[in-house]
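Novice: Any chance you can model this:
(chains A, B, C and D)
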2 protein chains.
Amino acid sequence: MNDGAQFRQVSPVRLYQRIVEQIEQAIVRGDLKPGQRLPSERELVTQFGASRPTVREALRVLESDGLVRSRPGDPNGPEILPFSSAGLTKQMTRLVQFDNVSMAELIAFRMILDGSASSLAARLRSEEELAAMERTIAVMSDAIEVGYEEFSKADVAFHEAVAVASRNSLIEVCNQVVRGAVLALISDKVAHAHNSAALMRESLRHHQEVLEAIRAGDGLAAAHISRRKLYEYYAGYVPENERGPLLALVDDEES
Amino acid sequence: MNDGAQFRQVSPVRLYQRIVEQIEQAIVRGDLKPGQRLPSERELVTQFGASRPTVREALRVLESDGLVRSRPGDPNGPEILPFSSAGLTKQMTRLVQFDNVSMAELIAFRMILDGSASSLAARLRSEEELAAMERTIAVMSDAIEVGYEEFSKADVAFHEAVAVASRNSLIEVCNQVVRGAVLALISDKVAHAHNSAALMRESLRHHQEVLEAIRAGDGLAAAHISRRKLYEYYAGYVPENERGPLLALVDDEES
DNA sequence: GTGAGCTTACTGGTCAGGCCAGTCATAACG
DNA sequence: CGTTATGACTGGCCTGACCAGTAAGCTCAC
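Specialist: You can find the predicted model right below:
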């Protein structure tokens, strides 16, 4: 082993990548703030000394990353966008679709995230956040009469409110993504299976229990109830021989 | 409100986006598997009925998403890549850099993931997986004499082994991503601060405790120790007034 | 027959220049 | 003073071309 000279793997860097890097760093550094505009493509061509197709390739990449947006005819040039988690969501959705993550894994992950969010929310929530959760519960209650569509929306809103109260945007984003992935996989079945007032009432009761624990500041109970609720709700969609990890999560705080 | 006709927001779809979509879906559907090749750019031009710059814009986007790779001169055309979490890491790093996510949130998320992984591993691990963890611990022990560089590598390998034993690839990938993001933020500081044998020995002892709990099948203890260890290791990098959520996670299983 | 070396037909990377449709500021008009 | 038409821009897309690589296949000496 020759420690004197360490060579790194080299990979040819395309022109468009250099352009992407420069603009990206300018945004990260704060030289370019959301709402500000980039020079026009033709202007960038002269600034970077590259051709228009090359500059455009760079802009397309930045655009697909959600950093800028080009509008045809806009005399101000491409716009720097405010940060959004859309890119993260896209990538995570890809992970789920691509890596053929199983239903069991998805739900296990959801139990972890939701449980942790509930636990943190129980300790950190403000009065306003608590009130927000209560409002979504009220909406759920009303929505039982309307139908599953409305009920599900309020359901999501509740979990969203809990995630916000956890004060952790990573939990918020990941939970949102995983929830979307789960729903995408079973939306057709769940719409029929759960479209009964009785089931919705039971779900509502579970949510109320979680809310109670959060109100009481009991993180342990909040996490536990949250996980158990998810298990009961979704276990039916998981083959029996794959339920081990889920049960492990439910039992986690017990004994 | 007119319920009869629901119009959705429309946004002009560029040609290159349609191409991206088609190829993306072909990959997700499994029609294109990793290792397989895309037709050459000029061939794609005829298949899609678009010009080469347009096709290239699509390829650049797919390339930046880590789905394909183009090599100049390769007669087989662009290659479909196996899934990689690089894109996720990039997006999450961006999320952090934009200051929407604080160091505290990152570490809190890491505590949640690592704790859950340890907990699940304690219940689900096979003998082989246990042996793999033991090996990484041994490597860590040896690496103390070598330096922080090696030690850190073995450290990562241990957490990776635990994540694998949790049987949940979402935990595995997310943990890996978050770990990378944390390290990217403090790598310069941590290399100096922790390059002492004493600190490494302490870290090693913590890891051994986690391993013990996993071996004993005690998920609760494994999660708790794992979280506490992370807290002690990283708390110094978090402003004091932001440590609340972290402490909440440490105390989670107590009392 | 077989291996080494060269040729060739491709590949992707980049460029120049052009056309079109859309947008917007402004100047001309009522 | 408000309205409308105009023109100078914008980005979206295309054609055609050149270059530097790669690798397969051919040639030719052994």
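
Novice: so which strand or helix has the residue of the stretch 1-150 of chain A found nearest DNA strand C?
Specialist: In the stretch 1-150 of chain A, the residue that lies nearest DNA strand C is A:Gly73 (2.6 Å; Cβ to the nearest atom of the strand). C-betas here are computed from N, CA, C, even on glycine. For A:Gly73, there is no enclosing helix or strand under DSSP states H and E.

Novice: Quick check: phi and psi on it?
Specialist: phi 80, psi -10 (degrees, to the nearest 10).

Novice: Quickly note the distance from it to A:Arg42.
Specialist: Going from A:Gly73 to A:Arg42 by Cβ to Cβ, to the nearest Å gives 14 Å.

Novice: ok, those two, which is more surrounded?
Specialist: Taking neighbours as other Cβ atoms under 10 Å in any protein chain shown, A:Gly73 and A:Arg42 compare with A:Arg42 leading, 11 against 4.

Novice: which residues does that one contact?
Specialist: Neighbouring residues of A:Arg42 by Cβ atoms under 8 Å, 6 or more residues apart in numbering or on different chains: A:Arg52.

Novice: Three-state assignment for it, please.
Specialist: Secondary structure assignment for A:Arg42 (DSSP: H, G, I helix; E, B strand; the rest coil): helix.

Novice: Output stretch A:197-210 in CSV, but only the C-alpha positions, please.
Specialist: Extracted C-alpha coordinates of stretch A:197-210, given in CSV (Å, rounded to 0.1, in the frame of the first residue of the first chain):
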residue,chain,number,x,y,z
ALA,A,197,-69.7,3.9,10.0
ALA,A,198,-68.8,1.4,12.6
LEU,A,199,-65.2,1.0,11.5
MET,A,200,-64.9,4.8,11.1
ARG,A,201,-66.2,5.2,14.7
GLU,A,202,-63.7,2.7,15.9
SER,A,203,-60.9,4.5,14.1
LEU,A,204,-62.1,7.8,15.6
ARG,A,205,-62.0,6.3,19.1
HIS,A,206,-58.4,5.2,18.5
HIS,A,207,-57.5,8.7,17.4
GLN,A,208,-59.1,10.2,20.4
GLU,A,209,-57.1,7.9,22.6
VAL,A,210,-53.9,9.1,21.0
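
Novice: My impression was that A:Phe151 belongs to a helix - is that right?
Specialist: Yes. Assessed with three-state DSSP, A:Phe151 lies in a helix.

Novice: Do I have it right that it meets A:Ser141?
Specialist: No. Counting by Cβ atoms under 8 Å, A:Phe151 sits too far from A:Ser141 to count as a contact (9.3 Å).

Novice: higher neighbour count, those two?
Specialist: Higher neighbour count among A:Phe151 and A:Ser141: A:Phe151, with 25 against 16, using other Cβ under 10 Å.

Novice: I'd like the distance between the nearest residue to that one once chain neighbours are set aside and A:Arg205.
Specialist: Spatially, and ignoring its direct neighbours in sequence, A:Phe151 is nearest to A:Ala143 (4.3 Å; Cβ to Cβ, 6 or more residues apart in numbering or on different chains). Applying Cβ to Cβ, the value for A:Ala143 to A:Arg205 is 14 Å.

Novice: For the two, indicate the residue with more neighbours.
Specialist: For A:Ala143 versus A:Arg205, neighbours defined as other Cβ under 10 Å are more numerous around A:Ala143 (19 against 10).

Novice: OK, contacts around the more buried one?
Specialist: With contact set as Cβ under 8 Å, 6+ apart, A:Ala143 has these partners: A:150-151, A:153-154, A:200.

Novice: cutoff 10 Å now
Specialist: A:149-155, A:200, A:204 (Cβ atoms under 10 Å, 6 or more residues apart in numbering or on different chains).

Novice: Low-confidence ranges, chain A, go.
Specialist: Where chain A drops to pLDDT under 70, the residues are A:1-10, A:187-195, A:248-255.

Novice: OK, contacts around the most centrally placed residue in it?
Specialist: Taking Cα atoms, centre = their mean, the centroid of chain A lies closest to A:Val173, which sits 2.7 Å from it. For A:Val173, the contact set (Cβ under 10 Å, 6+ apart) comprises A:85-86, A:88-89, A:92, A:113, A:163, B:91-92, B:95, B:100-101.

Novice: so what's the spatially closest residue to A:Lys33 that is not a sequence neighbour bridging to?
Specialist: The shortest distance from A:Lys33 to any non-neighbouring residue, by Cβ to Cβ, 6+ apart, is to A:Ile80 (6.5 Å). For A:Ile80, the beta-bridge partners are A:Val68 (DSSP bridges).

Novice: burial count for A:Ile80?
Specialist: 19.

Novice: Next one: it relative to B:Ala26, how far apart?
Specialist: Going from A:Ile80 to B:Ala26 by Cβ to Cβ gives 32 Å.

Novice: same deal with A:Ile225?
Specialist: 43 Å.

Novice: Tell me which of the two has more neighbours.
Specialist: A:Ile225 (23 against 15).

Novice: tell me the SS of the more buried one?
Specialist: helix.

Novice: got the contact list for it?
Specialist: A:115, A:118, A:206-214, A:218, A:253.

Novice: Could you do A:Val55 as well?
Specialist: The neighbourhood of A:Val55, defined by Cβ under 10 Å, 6+ apart, consists of A:15-16, A:19, A:39-49.

Novice: and it, what element?
Specialist: helix A:52-64.

Novice: What number of residues are in the vicinity of the closest residue to A:Ser64 other than its chain neighbours?
Specialist: The shortest distance from A:Ser64 to any non-neighbouring residue, by Cβ to Cβ, 6+ apart, is to B:Val61 (4.5 Å). The local packing of B:Val61 (other Cβ under 10 Å) involves 24 other residues.

Novice: now A:Tyr237
Specialist: Neighbours around A:Tyr237, by other Cβ under 10 Å: 16.

Novice: how close does it get to chain B?
Specialist: 17 Å (Cβ to the nearest Cβ, to the nearest Å).

Novice: Correct me if wrong: that residue contacts A:Val182.
Specialist: Yes. With contact defined as Cβ atoms under 10 Å, A:Tyr237 and A:Val182 form a contacting pair (8.6 Å).

Novice: Buried by neighbour count, from the contacts of A:Val173: which ones?
Specialist: Listed as buried from these are A:85, A:88-89, A:92, A:113, A:163, B:91-92, B:95, B:100-101; burial here means 16 or more other Cβ atoms under 10 Å in any protein chain shown.

Novice: want to throw those residues into TSV with distance to A:Glu232 and secondary structure?
Specialist: What follows is the buried ones among the contacts of A:Val173, written out as TSV (distance: Cβ to Cβ, whole Å; DSSP: H, G, I helix; E, B strand; the rest coil):
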residue	distance to A:Glu232	secondary structure
A:Ser85	29	coil
A:Leu88	29	helix
A:Thr89	27	helix
A:Met92	25	helix
A:Leu113	17	helix
A:Ala163	20	helix
B:Gln91	33	helix
B:Met92	32	helix
B:Leu95	33	helix
B:Asn100	34	coil
B:Val101	32	coil
